[in-house]
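K.L.:
Take a look and give me a structure for this.
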Amino acid sequence: MLDGIDEPCVGNTCSLLQDTPPNLAMSTLEVSDLPVPAKDERFPTINQALNCWNKYNEWVLCLKNNEKDEAKCFLPRFNMRELCPGEWVEKWDADRDGDKFAGLQVDDAEH
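P.N.:
Coordinates of the predicted model:
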């Protein structure tokens with residue numbers, strides 16, 4: 001353990017740098033002296049952006065295959081909304097409405 005620091009972590013919060021005594025300069029720390037950061041559940045280990053993009057396009061494909069029947073595409077829409085940030089979905093919906101969406105199109109003949 002580092003001199004002057006008994007408990008670098010409290011619960012899931014590690015505050016080594018905040019609690020570092022002023023007489024312990026960062027230049028004197030070795031990488032091996034630093035504790036391994038606790039896992040933060042707010043940040044998953046895998047980037048979900050591609051998964052989100054695919055779920056959105058799966059929902060659009062469902063609409064295309066079911067004559068735009070929202071009721072038949074409830075589950076793909078629900079899964080996509082659970083995974084994707086709301087801002088992304090709103091932007092992609094607006095892009096689809098404005099014929100600027102880079103993904104699948106519901107009405108290919110019109111585009």
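K.L.:
From residue 107, how far off is the spatially closest residue to residue 84 that is not a sequence neighbour?
P.N.:
Leaving aside its chain neighbours, residue 84 sits nearest to residue 52 (4.0 Å; criterion: CB to CB, 6 or more residues apart in numbering). Backbone N, C-alpha and C define where each C-beta goes, glycine included. From residue 52 across to residue 107, the span is 23 Å (CB to CB, to the nearest Å).
K.L.:
cool, residue 66 as well?
P.N.:
With distances taken as CB to CB, residue 66 is found 13 Å from residue 107.
K.L.:
contacting residues for the residue nearest to residue 81 when sequence neighbours are not counted?
P.N.:
Distances taken as CB to CB, 6+ apart place residue 89 nearest to residue 81, at 6.5 Å, with adjacent residues excluded. Counting by CB atoms under 8 Å, 6 or more residues apart in numbering, residue 89 touches 56, 80-81.
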